[in-house]
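Participant: Have a look at this fold, sequence not included:
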């Protein structure tokens with residue numbers, strides 16, 4: 001039991017940090033902001049990936065909205081901004 005707890009804590013320490021806010025200079029990027037606000041604060045993304053809406057899973061109906069992930073590389077870290085329905089849904093920062 002102790003080994004599982006230690007392994008879990010170790011993985012948690014090295015995992016990505018997901019949030020709904022990101023400080024950029026003296027301004028704050030928050031969930032719900034528009035793509036224009038993201039571009040104003042972070043500029044042009046290094047990479048953009050698109051996820052299409054899915055309707056069917058294995059024997060079950062699964063509805064996931066279409067989304068975009070904007071990836072930025074800044075100061076040796078990677079910032080991923082997930083957009084759903086034209087607004088920021090999640091901000092993930094990796095060292």
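Facilitator: Great, that's in hand. Keep in mind it's a predicted model, so treat the numbers as computed, not measured. Numbering: from 1, shown residues only.

Participant: May I have the strands that pair with the strand or helix carrying residue 28, each with its orientation?
Facilitator: If you go by DSSP states H and E, residue 28 is part of strand 27-30. Partner strands and pairing direction for strand 27-30 (DSSP bridges) are strand 21-24 (antiparallel).

Participant: Flag every buried residue along the partner strand.
Facilitator: residue 22 (16 or more other Cβ atoms under 10 Å). Using the backbone N, CA and C atoms, a C-beta is placed for each residue, glycine as well.

Participant: residues in contact with that strand?
Facilitator: Strand 21-24 is contacted from outside by 28, 29, 30, 31, 41, 42, 79, 91, 93, using Cβ atoms under 8 Å, 6 or more residues apart in numbering.

Participant: I only care about those residues that end up buried; give me the ChimeraX line for that.
Facilitator: With 16+ other Cβ under 10 Å as the burial test, the buried ones among the contacts of strand 21-24 are selected in ChimeraX as follows:
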select :29,31,41,42,79,91,93
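
Participant: Which of the contacts of strand 21-24 sits closest to residue 63?
Facilitator: Using Cβ to Cβ, residue 31 comes nearest to residue 63 of the contacts of strand 21-24, at 20.5 Å.

Participant: pretty sure the closest one is in contact with residue 84, am I right?
Facilitator: No - assessed by Cβ atoms under 8 Å, residue 31 is found out of contact with residue 84, at 9.8 Å.
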